[in-house]
Every structure is written in C-alpha cells, then in structure tokens.
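[1] Give me coordinates for this.
(chains A and B, ligands or ions: 1)
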Amino acid sequence: MIKPVGKEYFHLLTDKLHQIANRPLKIMEVCGTHTMAIGKAGIREILPLEVELVSGPGCPVCVTADADIDTFMRLAEDERVILATYGDMMRIPGTKGSLAELRAQGADVRVVYSALEVIAFARSEPDREIVFLGIGFETTAPATAHAVVVAEREDLTNFSIYNLHKTVPEALRALLEDDKTDIDGFILPGHVSVIIGEVPYAFIAKEYGAVGAIAGFEPPEIMAAILKLVKNINASTPAISNLYRKVVRPEGNMAAKRLLEEIFVPSDAEWRGLGIIPESGLALREGYERFDATRKFNLEHRSVKISPGCRCGEILKGIIRPHECPLFSGRCTPERPVGPCMVSSEGTCAAYYLYHGKDTWRRLF
Amino acid sequence: MIEKIRLAHGSGGEMMASLVAEVFYASLGGNIKDANDSAILDLPSGKVAFTTDSFVIDPLFFPGGDIGKLAFCGTINDLAAAGAQPIAVSASFIIEEGTDINDLKHIAASMGTVSHRTGIPVVAGDTKVVDRGNADKVFITTSGIGVIPEGVDYHPRNIQEGDKIITSGTIGDHGYCITAMREGISIQSSVISDCQPLHELVASLTPLASEVRTARDATRGGVGMVLNEWAQQSGKGIIIFEDMLPIKEEVEGGCALLGLEPIYLANEGKMLFAVAPHKASEALILLKAHPTGENTAVIGEVVGGRPQVVMETRWGTRRLVPTPSGEILPRIC
Ligand code: SF4
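    Okay, here's the model as predicted:
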C-alpha cells in the first residue's frame, strides 16, 4: 500500500478553505484529468457548500464535433485508407456510429499510442493511405507535429493528418465572453501548462478580472489551488498563480512550442457544444499542406446536429451539472453513452456517474 | 517442425483418437477403452452445486499460469464460492486450426497438474477443431459439480448490517499481470497471476459456516463488481477503506500509470467473504492459516443506507465505487 503523501496537509488546506469561503463561488477545473482526480479523491464531498466545482471543456474527446467524426469516418469508404487514432476516440458516436463500429464492419481502424506508430505504418505499407486523427490539446499536438517533421524528412507521401488539435486558452476566453457562464476562477490544466507555460493565461486576470491557478493532480495540489483561488477572489486580486512549479516553467517548454509554431498556425476550430472558437485550432502551416487529409481527400465538412437531448454543450461550459441533463443515468450511461461527455474516460458526465452516483451531484452522505 | 492442429484432428478419425490419447488422456487421465458418452458419478448426500464457465483468455500463457490451469481453477472457485466441495470437472476444448500441438500439451498438462494436486478429476471432455480464424487458438469451457456440506448457505441475501467484508489476499494481481503483458511492460513486472484453487480455503471456514454470510471469487470486474452485486442483492450499503485494501505496490503503481483501478481488476485466486462481525477475527485466523489466504484482510463492512458501495479514500474523503461499466478489459479470463 502506497501511503499518501500529505494527508494532513490536505486536511489543513481543506480546513483553511472552510474558514475563508464566505460567499457562493464557481470554480471550473478546466481539464478532464483534474475532473477524474477530483472525483476519485472525493474532493467535491468535502468542499464548503459555498464553493462549487464545475468541469470545463478540457477533455479533447468531449469537445470533438460530431461532424468531424463523421468526416473522418467517411475516409474509410476508400479501401486503401487506414485510419489511426488514440484509443479514447474509438467509442465516440458520430451521427453514423463510432469508429469502433466502423472497425467491426471491417474497416481498417487502428488504435495507436503515439503519432510515430502511424509513421511506421506509412513506411511499412506504402500501398496504403494512412490517415491519423490528430486530436488533443497542446499536450499531444507536439507529437503530431513531430510526426509531420519525420514524414517530411522521409518524404512519405501516404501519410496525412485529419487535424482536430485544439488549444486551451482561446476556449477559456470564449467561456469568459459567454454571458451565460459565471465562472469566478479556473483550475488550469497541469499538463497543457507544461507546454505553454503561464503567459498565455495572463488575459484571464488582465482582461476579465478572473483568477486562475495552474495545478498538479494530487489531491493536496488540487486543494491548494482551490484555496489559492478563493484567497485571490476574496482579496480581489485577479492573478494567475502557478502552483505546479516543479514541472511548469513560466515560459513553458520552448522546444515543444517552437515545434508547434514551425508546423502549425492558429485557425478557427469547432468545439462540440461551444461552436466555432476563433484561433482555437491548429492548422498545418504553409509548406506542410500536403499532409492535410482534408485537402488531400477533398473532404467537405457537413455540419450536423448534435445528439438530440444531449446537453454536453452546457455541461462543458459549466452552466449545468450532469444530473440536470434529463438523459443522465437513464438513457445515457457509460455502457450506452448518448453524448461524448459520457463516453470519454475523462468526460464530465462519466466522472459524475462514476464517482458521484446517479442522482446526486454533490453530497453522497 | 512444430506439429500443428489440422482440421482432420477434429473429424473423429485416427488423428483425432491419437490427439485425444496423447494430449488429453495423457495429462488428464482416462483412456479410450473406458470412454463412454457420460461420466457416472457417486455423489455424497447433500445439495449439489453445478456450474459452467468459458475461458477465452489472450494470451494463452502468462506468468503464474495458462488457460488450462485458469479454466480448471475458475470452475473450482465458482463451486467453492457456493460453499461446495468440488467432486468433478468436465472440459471442452475448441481449437483453432494451426494451433501448436505442443501448446495444447502444455495446457492439458497444467490442467492435469492442478487436477492431480487437488484430487478433483476431469471426468468428461470434448474437442472440436474449427477453421483458422473461427476461434483464437484455444477456447475452453469447463463445468463442475460439487456437494454443499450441511449447514452451508452462502447466498448474498444473508448479508446483514455490520458484517465485515474480507478478501483472501492481494487485489488485482491477475488482471494487472495480463494487462502488463499486453501493454508490453511485463519485462520489468514481477507480478504473476494469482490463479489458484480456493476450495480448501473456503472449506477451512466451514466451522463458522452459520456466521459466514456469503462468498464470491472476485474475477471479472474485480472486487468492485462483487461488492456492487452484493449491495444490490442484499439491499444494503457497503463501505470499504482504501488504506485497508491489500494491493501490491507494483500493481498500485502500474495501475496509476495505466489509468486503471485495482478494485476493478480481475482476480483468479481471491475469495471475498461477508462474515458476521463477532466471528470476523476468527475467520481471519482460519483463512490466514491456509497457504492461499496468507494476506487475508478485512477491507470494509456492511452499512445501512442505499444499496451502493462507497470507499473511504486514503485522503479521508468518501466517494462512490460504482459497478464497473464500459469496457472491462476483454479476454482476461
Ligand atoms: S448525460 Fe449524456 S446526454 Fe446528458 S449531457 Fe451528459 S453525455 Fe450528453
């Protein structure tokens, strides 16, 4: 049994928080990994009633638009095509089923752990067209960029990317711009911040007067972030605090950032539930277009309605909680998910279903 | 050259006869002369327990066992969970064309080894060979029959508030071992499958039978699955304590890395018990005295409230332990 480091510290922080929380506050944990860690450690259960944690749009799988999945799946109509993606994407329903179903029907859909595996397919199967579904935030985008660099160097003509990479700060701006949201502070994603550093979040405090804290994933780290946010809110000090210094440098990871810049340019991107967010995507830069599957296969993007009744959009914005969706735990369960927030292992609805029960969202006991 | 299974091995002729003799009779006992369409058994008096299970594990061989041992132990443990003393087992093999005969020999031999060691015979069997691609190497279905001693009734409806929840050892070893192999981290892994027969362990509790409410081997879906079933079947809540769960350090660390939870990993040699509180320490002593129960531990108790499983985390907080859902790792047993 591994003993938890800092259990006492965790409770100290919790007690402190109870002392200083004096008015209703809404804090959003942006990232799905935080959502899971919070659920697993039962953190919501011991927060002061004033402090509400809502989950944000930081699960890349959840924010993928139906239309994008449909488009990617259409590629399989060409028998030469091999589709490759990360395991998490397999069960996300588009309007015509999921990639897992497509594979069951005989399409060549492969699950990979890294973008470089896809390069290996391209090398060893020169007669096939390998299309990689590039997905994720700033954390996985560098790996895709690296694959592009390798493909370019080796002049691989049968490799391309269906690029759905997205960036976090622009989504936060969209949330802050939205009148329906009322978020007081953000727990900022640890892993994304390792890459991008502190600076890209500065606008949160400067332009919107909100607070943010970059946090690690251990319960005391999360609790410390909540405490810091509440302190800053109480003191009316809009600021971005970095509480994950052991791995997040203020300037981020320069090498990864350079790589991203070399391969990608910011572009508009469609987020499920949030719509088109300007500059929140990463398009292949001039000179690399030949690796863009959308161009290569002349893919047209047909927009589609999201699953009727699914309220993922409002969930991702922290406007409603999962149990307020009429489908939650009835028609929509992890075995038979209706929306992406229930499919992904880091989805908000899945996390609540798993750790909070079917009909409560906060107090289990 | 390695000899491979061909379709002819399944078509009833001489090839089949020699396969059955060399592979199955050799390891599992029996012979052509005495073979009949049914095994005839003498059963002691009492209630009869009867169970069946299919095994499709991939890979066939893993540290700590193989599909043959697994299939035998799995059925023995299902009988044991009902409190039954196993009497006999049957085994059916579905074999894919092209399978190495040597692999098959190993599988039959390891099944034979547990059968001899436990004294529980394999009394009936069958083999079928299917075209390449219609099965994945070897699938085995085992059935078992056992007799339940007087006074034993291990049904979850017997569970009462206050009962202690006991595990007969470390959690998640089998599931972790298989996952680690599949994920390619088995080279550094020292965790082996816990695949083992548990009927003697369960029998060691017979003196306390009236205070043992129920027992279940925590296979697919792990401890989390069994406890949720118990909560549903008994209509009672169950609380478990995270820092009382016996979990090997490597399993715990590996799970964190792979995003898995040990309480949902399969076990193939661990029994869970609900025991009346005043007999829990006695049960602990009896179980620990048995070699397969050395690491027995109390991990929680039955409480009032909703029929759900709650974990008190190592952080002192509480959270739900839901029924595992979505993809339970496929083909781990
Ligand atoms: S519960 Fe299901 S349908 Fe409702 S918002 Fe969540 S994912 Fe969508």
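[2] OK, contacts around the residue lying farthest from the centre of chain A?
    In chain A, the greatest distance from the average C-alpha position (Cα atoms, centre = their mean) is reached by A:Asp127, at 34.1 Å. A:Asp127 sits next to A:Arg80, A:Asn158 when contact means Cβ atoms under 8 Å, 6 or more residues apart in numbering or on different chains. All C-beta spots, glycine's among them, are computed from the backbone N, C-alpha and C.
[3] what about it, helix or strand, and which?
    Using DSSP states H and E, A:Asp127 is not contained in any helix or strand.
[4] Would you mind measuring from it to the ligand?
    A:Asp127 sits 40 Å away from the ligand, going by Cβ to the nearest ligand atom, to the nearest Å.
[5] how much space between that residue and chain B?
    Taking Cβ to the nearest Cβ, to the nearest Å as the criterion, A:Asp127 is separated from chain B by 23 Å.
[6] How confident is the prediction for that residue, by pLDDT?
    At A:Asp127, the pLDDT value in this model is 95.
[7] can you map out the strands along the chain?
    I went with chain A, as the question did not name one. A:25-31, A:51-58, A:81-85, A:109-111, A:129-134, A:159-163, A:185-188, A:211-214, A:240-242, A:264-271, A:275-284 (DSSP state E).
[8] nope, chain B please
    Applying DSSP E to chain B gives strands spanning B:47-55, B:61-62, B:65-66, B:85-96, B:122-130, B:138-148, B:164-167, B:212-217, B:237-241, B:271-275, B:297-303, B:309-312, B:318-320.
[9] any chance of those in JSON lines, with mean neighbour count too?
    Listed next are the strands of chain B as JSON lines, based on neighbours: other Cβ atoms under 10 Å in any protein chain shown:
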{"stretch": "strand B:47-55", "mean neighbour count": "16"}
{"stretch": "strand B:61-62", "mean neighbour count": "20"}
{"stretch": "strand B:65-66", "mean neighbour count": "23"}
{"stretch": "strand B:85-96", "mean neighbour count": "21"}
{"stretch": "strand B:122-130", "mean neighbour count": "18"}
{"stretch": "strand B:138-148", "mean neighbour count": "22"}
{"stretch": "strand B:164-167", "mean neighbour count": "24"}
{"stretch": "strand B:212-217", "mean neighbour count": "24"}
{"stretch": "strand B:237-241", "mean neighbour count": "20"}
{"stretch": "strand B:271-275", "mean neighbour count": "25"}
{"stretch": "strand B:297-303", "mean neighbour count": "20"}
{"stretch": "strand B:309-312", "mean neighbour count": "23"}
{"stretch": "strand B:318-320", "mean neighbour count": "21"}
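[10] out of the ones you listed, which comes closest to B:Asn102?
    Closest of those to B:Asn102 is strand B:61-62, at 11.3 Å (criterion: Cβ to Cβ).
[11] Name the spans of the stretch 1-150 of chain A whose pLDDT lies under the cut-off.
    Of all residues in the stretch 1-150 of chain A, those with pLDDT under 70 make up the ranges A:1-5.
[12] just to revisit the earlier point, mean neighbour count, the strands of chain A: which tops it?
    With neighbours taken as mean count of other Cβ atoms under 10 Å in any protein chain shown, the strands of chain A reach their highest mean count in strand A:185-188, at a mean of 28.
[13] From the chain's centroid, how far away is stretch A:125-140?
    18 Å (Cα atoms, centre = their mean, to the nearest Å).
[14] and what of stretch A:44-54?
    Stretch A:44-54 has its C-alpha centroid displaced from the chain centroid by 22 Å (Cα atoms, centre = their mean).
[15] For the ligand, what's its nearest residue on chain A.
    Proximity of chain A to the ligand (Cβ to the nearest ligand atom) peaks at A:Gly339, 2.6 Å away.
[16] domain assignment for the chain?
    Let's take chain A. Chain A breaks down into these domains under automatic domain parsing: A:1-63+A:168-248+A:309-365, A:66-165+A:253-296.
[17] not what I meant, chain B
    Domain assignment for chain B, taken from automatic domain parsing, gives B:7-148, B:156-320.
[18] Chain A contacts on chain B?
    B:243, B:245-247, B:249, B:252-253, B:259, B:308, B:310-311, B:313-320, B:322, B:325-326 (Cβ under 8 Å from any Cβ of the partner chain).
[19] Report pLDDT for residue 322.
    Chain wasn't specified; assuming chain A. You'll see A:Pro322 listed with a pLDDT of 89.
[20] oops, I was thinking of chain B
    Per-residue pLDDT puts B:Pro322 at 87.
[21] Return the residues in contact with it.
    Taking Cβ under 8 Å, 6+ apart, we find B:Pro322 in contact with A:Tyr353, A:Leu354, A:Tyr355, A:Gly357, B:Gly224, B:Asn228, B:Gln308, B:Val309.
[22] Show the model's pLDDT score for the residue of chain A closest to the ligand.
    pLDDT, A:Gly339: 81.
[23] what about it, distance to A:Arg311?
    As judged by Cβ to Cβ, to the nearest Å, A:Gly339 and A:Arg311 stand 8 Å apart.
[24] again with B:Cys255
    Separation of B:Cys255 from A:Arg311 (Cβ to Cβ): 32 Å.
[25] I figured A:Arg295 was touching A:Glu289, is that so?
    Yes: with contacts counted by Cβ atoms under 8 Å, A:Arg295 reaches A:Glu289, the gap being 5.6 Å.
[26] Next, see if the helix ranked longest in chain A gets close to chain B.
    As assigned by DSSP state H, the longest helix anywhere in chain A is helix A:219-234. Yes: Helix A:219-234 is in contact with chain B by Cβ under 8 Å from any Cβ, via A:Pro219.
[27] circling back to that earlier point, most packed of the domains of chain B?
    In terms of average neighbour count - mean count of other Cβ under 10 Å - the standout among those is domain B:156-320, at a mean of 20.
[28] and the end-to-end length of that domain?
    21 Å (Cα to Cα, to the nearest Å).
[29] what does stretch A:240-247 give?
    This stretch, stretch A:240-247, spans 16 Å end to end (Cα to Cα).
[30] Show me the contact partners of it.
    Contacts of stretch A:240-247 (Cβ under 8 Å, 6+ apart): A:188, A:190, A:193-194, A:198, A:201-202, A:204-205, A:211-216, A:221, A:224-225, A:228-229, A:232, A:248, A:250.
[31] average model confidence for it?
    Mean pLDDT, stretch A:240-247: 94.
[32] Off-centre distance for that stretch?
    The chain centroid and the centroid of stretch A:240-247 are separated by 20 Å, computed with Cα atoms, centre = their mean.
[33] Same question for stretch A:181-192.
    Between the centre of stretch A:181-192 and the centre of its chain there are 12 Å (Cα atoms, centre = their mean).
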